[in-house]
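1. Next come a sequence and a model predicted from it.
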Amino acid sequence: MGIAAAMGGWSARHRWTAVIGWLVFVVLALAIGQMAGRVDASQEEGLPGEVSQAAGIIDDAGIKGAAGEMVLIQVTAGGTVQDPAVRTAVDEVITAVKGTGQTANVTSPYDTKAISADQKSALVRFDMTGDKKTAKDRVTKVTDAVAATQAKHQDLRIDEFGEASSEKVLGDAFGDDFKTAEFSAVPVALGILLIAFGALVAALLPVLLAVTAFVATTGLVAVVSHLVPMSDTANSVMLLVGLAVGVDYCLFYLRREREERAAGHDAQTAIKIASATSGRAILISGITVIVAMAGMLFTGIADFKAMGVATMMVVAVAMFGSVTVLPALLSLLGHRVEKGRIPFLNRARKNSPRRTAAGDGSRFWTAVLTPVLRNPKTATVIAGGALLLVAAPALGLHTANLTMNQELGSGLPIIQTYDRINEAFPGGPDPAHVVVKADDINSAPVRQAIEAFRAEAVAKGASKGPVTVVVHAKENVAEIDVPLAGGTDKAKAEAGLVQLRDEVRPDTLGKVAGLEAPITGQTAGSMDFTNKITSSVPPVFAFVIVFAFILMLLSFRSLTIAATSIVLNLLSVGAAYGVLAAVFQHGWGAGLVGAHGTGAVVAWLPLFLFVILFGLSMDYHVFVVSRIREAKMRGLSTQNAIQHGITTTAGVVTSAAVIMVAVFAIFGTLSMQSMKQMGVGLAVAVLIDATVIRGVLLPAVMALLGERNWYLPKWLGWLPDMTHDEAVLAPPAPAAARPHEEYDTARV
């Protein structure tokens with residue numbers, strides 16, 4: 001007996017032990033996680049290259065970095081910032097921010113020469129006191145003080161921008177977006193399941209399994225975070241994936257158990273068959289998803305590693321729950337799984353004159369499959385050609401880290417302030433930040449090198465100045481801020497950064513032996529992140545594809561099935577890339593999803609989508625192909641096995657896909673462009689995968705291949721046989737009148 005059948009059988013026989021054991025596991029995991037506490041990766045640790053190196057120097061030196069802020073005082077009419085009235089306003093700003101008790105190192109623009117070339121703008125600079133990581137939680141008092149000063153000087157523009165204030169706005173938008181998605185996902189899934197099953201209890205089971213799996217994993221992740229730091233993003237992605245696979249797995253299992261009961265089997269036999277078939281498919285699918293998620297670990301980026309570990313864990317927990325506690329619950333509930341029937345839906349099913357018998361399949365997909373199987377070559381050319389056409393825009397896919405303007409649009413006041421500061425002081429809001437570490441920071445050679453760096457940065461055009469230096473003598477560290485001349489022009493700013501790194505630094509700081517000078521900052525972080533993600537694509541793709549191929553080969557003992565699985569999944573991912581490029585890069589139909597012209601796909605998304613989609617699409621593929629193989633083993637011809645497998649799984653695949661498309665579409669409605677891109681990409685890919693791929697292209701390709709679908713070369717005969725679960729299948733039972741047979745299970 002296979003492992004899935006054995007686990008399901010044990011759980012059905014020891015149902016209370018399995019259910020109570022699961023609940024104890026969830027409670028203990030959560031309690032232990034709360035006691036351990038979650039460790040999150042810092043923003044700097046999450047980025048590769050010189051950004052992380054600079055953060056390491058600061059941390060090792062024990063320097064408590066401060067969040068820098070600035071207030072723009074701008075003359076909007078005649079006059080200059082040298083006018084007495086403007087000087088009075090500047091003094092009031094300085095007094096106001098000092099009065100909050102939350103600031104330090106407040107400087108006057110008249111002392112630091114932070115005055116624009118046209119004499120119309122001035123910058124008051126200061127630092128937030130306390131921990132830099134929590135400055136965003138305390139900055140409101142300062143921004144309120146600045147706003148009060150603005151109210152007294154309506155003839156001037158007085159606005160604040162900085163690390164803490166911008167992080168608060170961006171963090172609030174990001175947090176609100178994810179909260180909207182998190183709070184909406186479960187009710188949406190439950191609503192669709194109610195329509196699919198027509199009974200409250202049956203609909204609640206998948207949601208309860210997914211939610212409890214997520215809760216348990218939350219606790220386990222907190223423990224693991226002491227080895228692999230986590231993040232809020234990883235937590236939200238964990239919920240997204242946990243809900244998707246938890247609902248999918250439960251649907252697969254519950255759908256098969258209902259079908260077998262409707263066919264006349266007793267409850268225990270129905271559970272036994274569901275364990276051997278759907279349970280096995282769940283194990284194969286879960287392991288494949290875990291392998292795909294493991295690809296994120298190859299990026300070397302903290303956020304991706306956190307997402308990879310968190311999603312691997314939630315999939316493992318959901319998979320384990322599906323083959324243990326779910327059979328136990330079904331055994332306990334029996335026919336009570338139909339409790340809480342929705343009269344309207346069930347009456348429609350009961351009175352339908354064209355109701356099909358359980359397991360006979362979907363009439364809609366039968367109608368679709370008939371011409372596909374009759375003309376598989378034509379269907380393959382049309383469906384494959386259409387997907388290649390959709391994927392075509394991906395050939396020119398351009399990725400980039402989105403700026404605040406691209407991410408949130410130009411409507412927010414803080415982004416307008418950012419633009420004004422950049423216009424008056426190019427590069428001022430996001431300077432390149434050089435962290436200099438030397439044996440003796442005050443030695444003559446080091447001081448001369450720093451001064452030479454400051455002068456050459458301006459002389460070579462990388463910066464228009466002013467280049468400022470803060471020396472931490474005790475720690476032998478200096479920090480240099482270099483406003484990049486490119487300002488908001490990302491390409492020019494990155495060119496200036498490259499010039500600093502490749503020309504200015506080697507000619508100045510690089511000549512001092514033993515001196516370290518990594519260059520960090522927003523522009524550096526964005527550029528290094530994009531480069532790191534791009535370089536991670538080949539190893540991640542190779543790892544996921546190779547191991548998915550091996551898993552499919554072992555699971556189905558067919559070289560053909562393994563190869564076609566990979567090709568079809570790649571085609572689905574390619575189509576998703578094409579849609580992203582068309583909508584968000586070229587702007588075709590962008591208005592339909594509320595997108596504005598970003599001109600690029602966010603840098604992390606293609607790799608993220610590949611890993612997530614490759615994993616999740618295997619859910620459908622394994623489930624459908626398992627049913628086709630099962631029918632083939634029972635003696636049906638390949639052609640009939642394909643039709644049986646597709647039509648009998650169409651209902652559950654459709655239900656699962658509708659849930660995932662609806663949940664992912666929620667992200668497509670959010671305000672941040674990166675979240676919108678993720679939502680649209682995931683929703684489109686799942687929709688394509690569940691319809692064109694599984695409903696048309698898969699059966700057409702398998703029909704063309706015929707008996708070659710089951711080809712395994714003799715030289716691979718030594719591979720372990722992982723297909724023996726089907727041996728426990730009982731023969732079809734004679735149809736028996738049961739109360740629940742009035743429901744069309746083929747429509748689930």
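-> Happy to help now that I have it. Residues are numbered from 1 along each chain as shown.

2. which element follows the helix or strand bottoming out on mean pLDDT in the chain toward the C-terminus?
-> The helix or strand with the lowest mean pLDDT-type score in the chain, counting by mean pLDDT, DSSP states H and E, is helix 343-351 (a mean of 51). Once helix 343-351 ends, the next helix or strand along the chain (criterion: DSSP states H and E) is helix 363-374.

3. residues of the helix or strand that that next one is followed by that come out buried?
-> Sequence-wise, the next helix or strand downstream of helix 363-374 (DSSP H and E) is helix 376-391. Residues 376, 379-380, 382-384, 387, 390-391 are the ones in helix 376-391 that count as buried (16 or more other C-beta atoms under 10 Å). C-beta: built from backbone N, CA, C; applies to glycine.

4. quick one: low-confidence ranges for the stretch 501-650 of the chain?
-> Where the stretch 501-650 of the chain drops to pLDDT under 70, the residues are 596-597.

5. can you tell me which residues contact the closest residue to residue 476 other than its chain neighbours?
-> Distances taken as C-beta to C-beta, 6 or more residues apart in numbering place residue 441 nearest to residue 476, at 4.4 Å, with adjacent residues excluded. By C-beta atoms under 8 Å, 6 or more residues apart in numbering, the contact list for residue 441 reads 471-473, 475-478.

6. Look up phi and psi at residue 441.
-> Residue 441 adopts backbone torsions of phi -70, psi -20, taken as degrees, to the nearest 10.

7. Assess the claim that residue 202 and residue 337 are in contact.
-> Yes. Between residue 202 and residue 337 there is a contact under C-beta atoms under 8 Å: 5.1 Å.

8. So the two - more neighbours on which side?
-> residue 202 (27 against 22; other C-beta atoms under 10 Å).

9. by contact count, what packs against the one helix or strand the more buried one maps to?
-> In this structure, residue 202 is located in helix 200-224 according to DSSP H and E. Helix 200-224 sits against helix 15-36, helix 163-197, helix 232-262, helix 302-323, helix 325-333, with contacts defined as 3 or more C-beta pairs under 8 Å, 6 or more residues apart in numbering; DSSP states H and E.

10. hey, C-alpha coordinates of whichever helix or strand comes after the third one in PDB?
-> When you say that, I think you mean helix 232-262. Heading C-terminal from helix 232-262, the first helix or strand you meet, by DSSP H and E, is helix 267-274. The C-alpha trace of helix 267-274 is given here as PDB (Å, rounded to 0.1, in the frame of the first residue of the first chain):
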ATOM      1  CA  ALA A 267     -17.900   5.800   3.300                       C
ATOM      2  CA  GLN A 268     -14.700   3.900   4.300                       C
ATOM      3  CA  THR A 269     -14.100   2.600   0.800                       C
ATOM      4  CA  ALA A 270     -14.700   6.100  -0.700                       C
ATOM      5  CA  ILE A 271     -12.100   7.500   1.700                       C
ATOM      6  CA  LYS A 272      -9.700   4.700   0.900                       C
ATOM      7  CA  ILE A 273     -10.000   5.400  -2.800                       C
ATOM      8  CA  ALA A 274      -9.700   9.100  -2.300                       C
END
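
11. now helix 267-274, how far from the chain's geometric center?
-> Using C-alpha atoms, centre = their mean, to the nearest Å, the distance from the centre of helix 267-274 to the centre of the chain it belongs to is 37 Å.

12. outside of the following helix or strand past that helix, which residues touch it?
-> Going down the chain from helix 267-274, the next helix or strand is helix 280-294, by DSSP H and E. Contacts with helix 280-294, where a contact means C-beta under 8 Å, 6+ apart, come from 2-5, 241, 245, 248-249, 252-253, 307-308, 311-312, 315-316, 318-319, 322-323, 543-544, 547-548, 551-552, 555, 611-612, 614-616, 618-619, 622-623, 626, 722, 725-726.

13. one more time with 6 Å
-> If you take C-beta atoms under 6 Å, 6 or more residues apart in numbering as the criterion, helix 280-294 is touched by 4, 249, 308, 311-312, 315, 319, 322-323, 544, 547-548, 551, 555, 611, 614-615, 618-619, 622-623, 626, 725.

14. mean confidence score for it?
-> Across helix 280-294, pLDDT averages out at 86.

15. same question, stretch 490-499
-> Here the average pLDDT along stretch 490-499 is 88.

16. hey, where'd the strands end up in the stretch 451-600 of the chain?
-> 468-472, 477-482, 519-520 (DSSP state E, counting those that start in this stretch).

17. Of these, which stretch is the most buried?
-> strand 519-520 (a mean of 25; mean count of other C-beta atoms under 10 Å).

18. Note down every partner strand of it and its orientation.
-> strand 432-437 (antiparallel) (DSSP bridges).
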